[in-house]
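> Predicted coordinates and the sequence they were generated for:
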Amino acid sequence: MSCGPVCTNLGLKPGQRLTVKGKIAPNAKSFVMNLGKDATLLGLHFNPRFDAHGDVNTIVCNSKKVEEWGAEHREAVFPFQKGGTAEITFSVNQSDVTVHLPGHQFTFPNRLNLSVFDYFDTQGDFTLQSLSWE
C-alpha cells in the first residue's frame, strides 16, 4: 500500500475538527486515514474498501495500540466512487470521533482515551489535495 503525507504535532483536541479533501484513484481497492497520538497509537484507523480483505464497498474502522488492533467496526454506507473526489471531516469529541461523510455521519469511540490527536497519515489509493483544521 502506498504511503502519502504524514502530519505530526496537529494538536487536535475535543471541539476541533480536521477536514481532508482528495482524489480517489480510478482503480482504487482501498485507502486509509489514520488519526492518533503517533504511528503506534491510532485512535482511528479509517479504511474505505472498494474491494480489499474480503470487503466490498465497506468502511472499516479500528484502533491500534502498538501492535494490538481492536475490534473492527463496519459502516455499510459507502459514499465513495473510484476516480472521484472525497471530503471527510473528523470531529474530535471527548469520548469519540465523529466522521462526517457526504450525506452520512457516524461516531467511533476514543478507545485509547487520547486527549490530543497529534498524528495523521494517508495510505493507499488516495491523493491528498488539502488538509485543514479548526
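Great, that's in hand.

> For the chain, give me the ranges with low pLDDT.
1-3 (pLDDT under 70).

> in it, which spans are strands?
Using DSSP state E, the strands of the chain run over 3-7, 17-24, 31-38, 41-52, 55-65, 68-69, 73-75, 85-92, 96-101, 104-109, 119-124, 126-133.

> could those strands be laid out in TSV, adding mean neighbour count?
The C-beta positions use only the backbone N, C-alpha and C, and glycine is treated the same way. Formatted as TSV, those follow (neighbours: other Cβ atoms under 10 Å):
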stretch	mean neighbour count
strand 3-7	13
strand 17-24	18
strand 31-38	21
strand 41-52	22
strand 55-65	18
strand 68-69	9
strand 73-75	15
strand 85-92	18
strand 96-101	18
strand 104-109	15
strand 119-124	20
strand 126-133	14
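
> I'd assumed residue 21 was in contact with residue 85.
Yes: with contact defined as Cβ atoms under 8 Å, residue 85 counts as touching residue 21 (7.0 Å).

> any residues in contact with both of these two?
residue 129 (Cβ atoms under 8 Å, 6 or more residues apart in numbering).

> now residue 133: how far from residue 126?
Noted for residue 133: a distance of 18 Å to residue 126, by Cβ to Cβ, to the nearest Å.

> do residue 47 as well
11 Å.

> what residues do the two have in common as contacts?
With Cβ under 8 Å, 6+ apart, residue 47 and residue 126 have common neighbours 31-32.

> check contacts around residue 62.
Contacts of residue 62 (Cβ under 8 Å, 6+ apart): 42, 45, 47, 69-73.

> Run through the bridge partners of it.
On the basis of DSSP bridges, residue 62 takes part in beta bridges with residue 45.

> and it, how far is that from residue 36?
For residue 62, the distance to residue 36 - Cβ to Cβ - is 11 Å.

> same deal with residue 16?
15 Å.

> do residue 102 as well
From residue 102 to residue 36 the distance is 24 Å (Cβ to Cβ).

> Residue 88 too?
For residue 88 relative to residue 36 (Cβ to Cβ), the value is 16 Å.
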